[in-house]
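Student: sequence first, then the predicted structure, then my questions.
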Amino acid sequence: MSAEQTSQVGILYHVTIGSNVDSVWAGGIDPNYSTGKFNASWYVIKDKILWSICHVANRHDCKLDDIFVCAVVIDWKHLRRTNLSGVYYTKQLFHAETINPASWFVDGEMGVL
């Protein structure tokens, strides 16, 4: 078990574009709306937030002002590892505890849960 998995429940982060924020607040982070290789929601540990922001900016061709970071409390048993350290996916729906502009993380304010 890795260091970030020492407890059964942890805080992970999901990065999304602004047009998805209302949907995420209303219905959660639903893997069925994924536009990736397969229907899954992707999450990262705190140390990978900046990487994830860059990934979303490139993948969706959008600017920092249109990217948001969701803090999510997740039971580790629902997550699957990827080949990238600190990056996980799930096919389960989860609800965001907070949603903050990506600029908070890039500017160093770290407005995290």
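Tutor: That came through fine.

Student: hang on, Trp42 packs against His14?
Tutor: Yes: counting by Cβ atoms under 8 Å, Trp42 does reach His14; the two are 6.7 Å apart. From N, CA and C alone the C-beta is placed, and that goes for glycine too.

Student: wait, what's in contact with the residue nearest to the spatial centre of the chain?
Tutor: Central residue of the chain (Cα atoms, centre = their mean): His14, 0.9 Å from the mean position. His14 sits next to 29, 41-44, 69-70, 72, 94, 96 when contact means Cβ atoms under 8 Å, 6 or more residues apart in numbering.

Student: now Lys63
Tutor: Ala57.

Student: how about Gly27?
Tutor: Leu93.

Student: which stretches of the chain have low pLDDT?
Tutor: Low-confidence segments of the chain (pLDDT under 70): 1-7, 107-113.

Student: quick one: the strands in it?
Tutor: Ranges of strands in the chain, per DSSP state E, are 9-17, 41-44, 67-75, 80-81, 87-90, 96-101.

Student: and the fourth one, which strands flank it?
Tutor: So that's strand 80-81. Paired neighbours of strand 80-81 in the sheet (DSSP bridges): strand 87-90 (antiparallel).

Student: flag every buried residue along the partner strand.
Tutor: Buried residues in strand 87-90, defined by neighbour count with 16 or more other Cβ atoms under 10 Å: 87-90.

Student: now these as a markdown table including distance to Asn20?
Tutor: Shown next, in a markdown table, are the buried residues of strand 87-90 (distance: Cβ to Cβ, whole Å):
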| residue | distance to Asn20 |
| --- | --- |
| Val87 | 19 |
| Tyr88 | 19 |
| Tyr89 | 17 |
| Thr90 | 17 |
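
Student: fine by me, we can end here.
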